[in-house]
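Q: below are the sequence and a predicted model; questions follow.
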Amino acid sequence: MAIEYLGLSEINGPLIAVEGVQDGFYEEMVEFTVGGNKKKLGRIVEINEDKAVIQVFESTDEMSLNNTHTRLTGHPMEIGLSEEILGRTFNGLGEPIDGLGKITPECMRDVNGLPLNPCMREYPRNYIRTGISAIDGLTTLIRGQKLPIFSGNGLPHDQLAAQIVEQASLGEDSGEEFAVVFAAMGVKYDVAEFFRRTFEESGASSHVTMFLNLSNDPVVERLITPKVALTAAEYLAFEKNMHILVILTDMTSFAEAMREVSSLKGEIPSRKGYPGYLYSELAALYERAGIVKGSRGSVTQIPILTMPNDDITHPIPDLTGYITEGQIVLERSLHQKNIYPPINVLPSLSRLMKDGIGAQFTREDHQDVANQLFSSYARVGEARDLTSVIGEYELSEVDKKYLKFGTAFEQEFVGQAPGENRTIEETLDIGWRLLHILPREELDRIDTKILDKYYQ
Amino acid sequence: MNVTGNIYGINGPIVTILGNPGFKMAEMVYVGKNRLVGEVIGLRKDRTVIQVFEETTGLKPGELVEGEGKALSVTLAPGILTNIFDGIERPLKAVAEVGGAFIPKGVNVDSLDQERLWDTTLCVAEGDRVYPGTVIAKVPETQAITHKVMVPPDLHGVVTRVVPDGKYTIQDTLVVLKEDDGREIPLTMTQQWPIRIPRPVNKRFPADRPLVTGQRILDTLFPIAKGGTAALPGGFGTGKTMTQHQLAKWCDADIIIYIGCGERGNEMTNVLEEFSELVDPKSGNLLMDRTALIANTSNMPVAAREASIYTGITLAEYYRDMGYHVAIMADSTSRWAEALRELSGRLEEMPAEEGFPAYLASRLSAFYERAGYVENLNGSDGSVTIIGAVSPQGGDFSEPVTQNTKRFVRCFLALDKSLAYARHYPAINWLTSYTEYLNDLAPWYNSHVGPNFVYCRNQLLNLLTTESHLNEIVKLIGSDVLPDDQKLVLEIARVIRLGFLQQNAFHPEDTFVPMEKQLKMMETILYLYNKCKALIEMNMPMALLREQGIFEKIIAIKYEVGNKELYKFDQYRDMIDEFHRKIMETNA
């Protein structure tokens, strides 16, 4: 029987200190018994000889310096996993909350994971058709990629993520086993409910595992939720050979929680009060996407983050962009024009796109069309700036054509009906139709042979 | 007997020991029962501070810390090339064999293969006097590179015994050396060298030879010298990594050390796969044969990320000592600076700007000063060129890492978000980038490429600068109202941007362009400019010139003229003459 320690020496928000601890180790899980019956969980975050600082995953209300018994569990944070987790809903720590009872674990896994050896990774090359032109055509999602959605409050990022899940899962290769791991960190009840309902309506809910930490759940739990979810995802992908799509929302709440706890620990802040290890912590999550040699499964991540004040240079989107393999950026002004999905394609990017498209995967003209659309749409911005100074009437003929192209591009290429599922051919053909608005000599990013074939 | 102590406190990668058991500064230590690798970074009377290069989860107070007695070092011997290491030179392929897909804690593998037999040719005879750096044996390490086994920098004496040529492992004694004081020292292929100390050289030369990269904007506008330093700053998505990959593939260095410091795992996989398939056009060997990778991806321990930069440069200096030209791609130095910040925060040091420690600048300068074109101890010439990517926070170049890096590099290649958004690659901004090497390299360009090279380059940059001034006006009133000579400048600048600066890394011919073709392209563009200027001076309207489609034809040169078809440039010259004649005939 493990030793129980009586009493605490300090309580400070979700952090407590215990003295006289023997044999405790860094990141070890501890169990508290408060007032004789109530159980709580915590994790050692700092240890100095016999003094341990412990993070409590639930609120520290009702705990006093005297009424708490502390027991070390002797292992780091672990969750039990088996294929039964599909179709189930858990809280942020991996405990079932859907009233269907405990699962029978096949194995226990340390949620911290281990870094994936770069020479055991398989370079991702298979594209996932999402049926959304702006993504398929210009920022192609690749299996095993981490492609976040940078959004703002009030923009339809949830709807977009749900649509991606729905259409990607019902794609042509649905013969392969496909599942979704959904992790909510500090999101509103309505958001979690929206996802649950959407999965249910699309008939996917038996392939969905949900980990919910809602905005009124304990902040510290939020720090562990994505790790729990990714541990489950890795298990399903690399041991059960399934293709897993992980939705993490909202990464901003995760980072906020980290700042809150860091400040309580009295750590030295770096940018905007976030701890210096924000980059490493985010990387430890995002890098858990990928494909491992010798396994048929894959982990694809679509993290959602709301940019505070729509500022892409804020530390959270900034550091995320440096880790992830591209980003999909939503734009408020497009949303106001009633364009769905309101994707601003210019700052959006998929780094893995170049190796997953072209004649073998999509179509020979894909890269050229994408480059040309990007380049022409960038030129639209210049023409619009000029219009606001000298008026449309004074514009040169070419600039007028760019204005026309810009509007059509936003309405017809980026914009599509919610639920509309376009094939890659449809997407590229719309691209060509729009490029026909421009004179041929303006199309300087396309190989002459391809231009001859598609631009008549 | 090695010094030992017991763990007192653990905070992330930082471990403290109470009291002073007698460790030395920068000494390598083994921490805990898993024997995690660490390094002593702070000593006080009452406390020893250690940074650990592996995950510390599971470590307990009271566990043993054992000193190794020497500073954190890397093993230098054949087998480095084609390999992929983590930040403290553990070979990831061997780690995978032991630990599977994920990197386990406290894995103990040798840095280099101890069993493999290498074909060895001895270069010294009994009775020879050898000095630091003297080559004692040669080993064909890969198809492309002969590894030269050298006398370590701190030894000299007379050879008393030599083994015959044959197959040896890196641990076998090849030569026995008798020092002046009579001590006999057996020499193997292996050397150990502390990563934080530069390997000694005889003297440094001024940088007067370019690192030819085949990338037009670099070779022509902003050349880097062999032994020089360059910074490559840019926000995310501006193409830092792509540019580094292009340089690693095509630059004319003998050896490439590619350091993936805190970057993406998939990118390192990509380098590994691609370089194992691509063939170096000059030698016909695989690119991987001249490359060593150091991959400390963003999710690997932060202290090892800090060390990875030093591990990389020590490997580079070792190959330089053999007389090779080495280029280091460090992607990205910002992640290394952030590792410093993270560790500094854990040590509760007083932060300076934006939370970075005050010693950021001195660490950066010490790193970049390890570059150089030098005469080695053995008299051969070699160089280490450093090209460091910088990932400024929010793409804002005023942040501390970019600003401090700018002070210590001589070539600054600023990547630009708006160019990247328009998919103009490489997205190097020609107005904010600069190089200080141009004057040093001018004599080389004159004698090796052509006497008018520097003149053409300056003309090109002039036109681009004029364009940016004109664009200010265009933004206000539109381009229609400009006089025709200015419209011509805009048109030619467009030709330069699209036809010269923009380069397609995925096009088989355009991905690498030899210097001769770069010069011919510049000459052709400027020839067109002068002919058009003459026409405009005779009051021919710009619209008339545009109608002929000559500008589009010149833009297409990069695809239409192969790298080995330089004779075709004469046809373009004729085409321009024809264009000039036609306009004169029909409109004069």
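A: Structure's in. What do you need?

Q: from now on I want contacts and neighbour counts done on CA atoms only, so please keep to that.
A: Noted.

Q: and the residue located most distally from the centre of chain A, how far from chain B?
A: Centroid-distance maximum for chain A: A:Glu394 at 45.3 Å, with CA atoms, centre = their mean. Look at A:Glu394 and chain B: by CA to the nearest CA, to the nearest Å, they are 8 Å apart.

Q: now do the contacts for that residue.
A: Counting by CA atoms under 8 Å, 6 or more residues apart in numbering or on different chains, A:Glu394 touches B:Gly478.

Q: where does it land on pLDDT?
A: Predicted confidence (pLDDT) for A:Glu394: 83.

Q: swap in A:Asn12?
A: So A:Asn12 comes in at 87 (pLDDT).

Q: tell me the phi and psi of it?
A: When read as degrees, to the nearest 10, the backbone of A:Asn12 gives phi -140, psi 90.

Q: show me what contacts the nearest residue to B:Ala505 once chain neighbours are set aside?
A: Closest residue to B:Ala505 apart from its sequence neighbours, by CA to CA, 6 or more residues apart in numbering or on different chains: B:Thr511 at 4.4 Å. Contacts for B:Thr511 (CA under 8 Å, 6+ apart) come out as B:Gly214, B:Gln215, B:Gln246, B:Gln503, B:Asn504, B:Ala505.

Q: same thing with A:Gly113?
A: Contacts of A:Gly113 by CA under 8 Å, 6+ apart are A:Lys227, A:Thr231.

Q: separation between it and B:Pro140?
A: 40 Å (CA to CA, to the nearest Å).

Q: what's the answer for B:Glu66, then?
A: 38 Å.

Q: these two: who's more crowded?
A: B:Glu66 (20 against 15; other CA atoms under 10 Å in any protein chain shown).

Q: by contact count, what packs against the stretch of helix or strand the more buried one belongs to?
A: Under the criterion of DSSP states H and E, B:Glu66 resides in strand B:64-71. Helices and strands touching strand B:64-71, by 3 or more CA pairs under 8 Å, 6 or more residues apart in numbering or on different chains; DSSP states H and E, are strand B:4-11, strand B:27-31.

Q: deepest-packed of those, please.
A: strand B:27-31 (a mean of 24; mean count of other CA atoms under 10 Å in any protein chain shown).

Q: what is the mean pLDDT for the helix or strand just after that strand?
A: Using DSSP H and E, the helix or strand that follows strand B:27-31 in sequence is strand B:36-44. Across strand B:36-44, pLDDT averages out at 90.

Q: helices or strands up against strand B:36-44?
A: So strand B:36-44, by 3+ CA pairs under 8 Å, 6+ apart, packs with strand B:27-31, strand B:47-52.

Q: which one of these lies closest to A:Ala378?
A: strand B:47-52 (47.3 Å; CA to CA).

Q: okay, the angle between the closest one and strand B:36-44?
A: Angle, strand B:47-52 to strand B:36-44, by axes from the mean of the first three to the mean of the last three CA atoms, to 10 degrees: 150 degrees.

Q: show me what strand B:47-52 is packed against.
A: strand B:14-18, strand B:36-44, helix B:302-321.

Q: want to throw the ones you listed into JSON lines with mean neighbour count and distance to A:Thr249?
A: Shown next, in JSON lines, are the helices and strands packed on strand B:47-52 (neighbours: other CA atoms under 10 Å in any protein chain shown; distance: least, CA to CA, whole Å):
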{"stretch": "strand B:14-18", "mean neighbour count": "23", "distance to A:Thr249": "31"}
{"stretch": "strand B:36-44", "mean neighbour count": "20", "distance to A:Thr249": "35"}
{"stretch": "helix B:302-321", "mean neighbour count": "26", "distance to A:Thr249": "26"}
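
Q: tabulate those (CSV), appending distance to B:Asp440.
A: Supplementary listing: the helices and strands packed on strand B:47-52 in CSV, determined by distance: least, CA to CA, whole Å:
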stretch, distance to B:Asp440
strand B:14-18, 46
strand B:36-44, 40
helix B:302-321, 22
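
Q: for A:Ala289, find the nearest of these.
A: Judged by CA to CA, the one of the helices and strands packed on strand B:47-52 that comes nearest to A:Ala289 is helix B:302-321, at 19.2 Å.

Q: tell me the angle that closest one makes with strand B:14-18.
A: If you take the same axes, to 10 degrees, helix B:302-321 sits at 100 degrees to strand B:14-18.

Q: tell me what A:Gly290 is bridged to.
A: A:Val299 (DSSP bridges).

Q: also B:Asp381?
A: B:Asp381 has these beta-bridge partners by DSSP bridges: B:Glu375.

Q: neighbours of it, just the number please.
A: 21.

Q: give the contact list for it.
A: With CA under 8 Å, 6+ apart, B:Asp381 has these contacts: B:Arg320, B:Asp321, B:Gly323, B:Tyr324, B:Tyr373, B:Val374, B:Glu375.

Q: how near is the nearest residue to the first one once chain neighbours are set aside to B:Ala253?
A: When the adjacent residues along the chain are set aside, B:Arg320 lies closest to B:Gly382, with 4.9 Å between them (CA to CA, 6+ apart). For B:Gly382, the distance to B:Ala253 (CA to CA) stands at 10 Å.

Q: same question, B:Tyr318
A: Per CA to CA, B:Tyr318 is found 15 Å from B:Ala253.

Q: are any of the contacts of B:Thr511 buried, and which?
A: B:Gly214, B:Gln215, B:Gln246, B:Gln503, B:Asn504, B:Ala505 (16 or more other CA atoms under 10 Å in any protein chain shown).

Q: how close does the fifth one sit to B:Pro426?
A: Using CA to CA, one gets 8 Å for the distance from B:Asn504 to B:Pro426.

Q: adding mean pLDDT and distance to A:Thr60, write the helices and strands packed on strand B:36-44 out as a markdown table.
A: Listed next are the helices and strands packed on strand B:36-44 as a markdown table, based on pLDDT from 0 to 100; distance: least, CA to CA, whole Å:
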| stretch | mean pLDDT | distance to A:Thr60 |
| --- | --- | --- |
| strand B:27-31 | 92 | 34 |
| strand B:47-52 | 92 | 32 |
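
Q: of all those strands, which one is nearest B:Gln192?
A: strand B:27-31 (12.9 Å).

Q: and that closest one, what does it pack against?
A: strand B:36-44, strand B:64-71.

Q: for B:Glu560, find the nearest of these.
A: Distance to B:Glu560, taken as CA to CA, is lowest for strand B:36-44 among the helices and strands packed on strand B:27-31, at 55.3 Å.

Q: tell me the angle of the closest one relative to strand B:64-71?
A: Angle between the axes of strand B:36-44 and strand B:64-71 is 80 degrees (criterion: the same axes, to 10 degrees).

Q: who does strand B:36-44 pair up with?
A: By DSSP bridges, strand B:36-44 pairs with strand B:27-31 (antiparallel), strand B:47-52 (antiparallel).

Q: between the two ends of stretch A:289-302, how far is it?
A: 10 Å.

Q: which pLDDT value belongs to the residue most central in space within chain A?
A: Nearest to the mean C-alpha position of chain A, by CA atoms, centre = their mean, lies A:Pro303 at 0.8 Å. Looking at A:Pro303, its pLDDT reads 96.
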